[in-house]
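*Asks:* turn this into a model:
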Amino acid sequence: MKNPQEEETFVLIKPDGVKRGLTGEIISRIEQRGLKIIALKMIWATKDQIDEHYPKNDSWIKRLGEKTLATYEKYGYDAKEEIGTDDPMEIGKIVRGWLMDYMTSGPVVKIIVQGIHAVDMVRKMVGNSIPAMAEMGTIRGDFSVDSSVLANRSKRAIHNLIHASETETEADHEINFWFAPEELCEYKRAEEDIMF
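*Replies:* Numbering: from 1, shown residues only. Below you'll find the predicted structure:
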């Protein structure tokens, strides 16, 4: 069993975060929290890489479509009129395509973060995936105002700055997909003896 201080999670600063010059701010927030960056690299992801990063299973795609349908319904828009269908699977595939376009529109910064409850801690710091609903004090709440309605009506992905693994299983998959074991740097931060 792994030491709780060694829990790892995956973070991807998305093209809008990079283009807006928020990479340093995001890294700073992670490190100030007492978490440790053990791998970091800027890349321009390919469509194939992004296709492998995001799930392709029917349940995930349907959930994406259902969330989009719920947004249309909440704000009084007709999905069939706007997108041409009200089938959650079809909408999920369309939205996944928007995600692929968005994530390959500019460079991204891939990061492995290590520390106590790294997965939960980073998710809490990142905030709600819909920036307009993210709490102030979170990365998305402080630096983004995009909404799912605007994104859907503009036929694009939500610009929400950052991706962070939701679970330890997802983190393991993403870490192994984006980094080779030799790219990870193990070291001790100066304050580890004080904090733990």
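
*Asks:* ok, for the residue nearest the centre of the chain, nearest residue in space, not its chain neighbours?
*Replies:* The C-alpha lying nearest the average C-alpha coordinate of the chain belongs to His163 (C-alpha atoms, centre = their mean; 1.2 Å). Computed as C-beta to C-beta, 6 or more residues apart in numbering, the closest residue to His163 that is not its neighbour in sequence is Leu12, at 4.2 Å. Where you see a C-beta, it was placed from the backbone N, CA and C, and this is true even at glycine.

*Asks:* quick check, the one you found in contact with Val109.
*Replies:* Yes - judged on C-beta atoms under 8 Å, Leu12 makes contact with Val109 at a distance of 7.2 Å.

*Asks:* need the helices for this structure, in chain order.
*Replies:* Along the chain, counting by DSSP state H, helices occupy 15-19, 23-32, 47-53, 58-74, 79-83, 88-103, 118-126, 139-143, 148-153, 168-178, 192-195.

*Asks:* what packs against the longest one?
*Replies:* With contacts defined as 3 or more C-beta pairs under 8 Å, 6 or more residues apart in numbering; DSSP states H and E, helix 58-74 has these neighbours: helix 79-83, helix 88-103, helix 148-153.

*Asks:* what's the angle from it to helix 88-103?
*Replies:* 90 degrees (axes from the mean of the first three to the mean of the last three C-alpha atoms, to 10 degrees).

*Asks:* give the buried residues for helix 58-74.
*Replies:* By 16 or more other C-beta atoms under 10 Å, the buried positions in helix 58-74 come out as Ile61, Lys62, Leu64, Gly65, Lys67, Thr68, Leu69, Thr71, Tyr72.

*Asks:* just stretch 121-140 next, same as before
*Replies:* For stretch 121-140, by 16+ other C-beta under 10 Å, it's 121-123, 125-127, 129-132, 134, 138-140.

*Asks:* for the residue nearest to the centre of the chain, what are its contacts?
*Replies:* With contact taken as C-beta atoms under 8 Å, 6 or more residues apart in numbering, His163 is in contact with Phe10, Val11, Leu12, Lys14.

*Asks:* gap between the closest residue to the first one other than its chain neighbours and Thr104?
*Replies:* Nearest residue to Phe10 in three dimensions, chain neighbours excluded: Glu174, at 3.8 Å (C-beta to C-beta, 6+ apart). Glu174 sits 17 Å away from Thr104 when distances are taken as C-beta to C-beta, to the nearest Å.

*Asks:* more crowded one of the two?
*Replies:* Glu174 (23 against 18; other C-beta atoms under 10 Å).

*Asks:* okay but that one is in contact with Glu8, surely?
*Replies:* No - counting by C-beta under 8 Å, Glu174 stays clear of Glu8, with 9.9 Å between them.

*Asks:* quick check: end-to-end length of stretch 144-156?
*Replies:* 16 Å (C-alpha to C-alpha, to the nearest Å).
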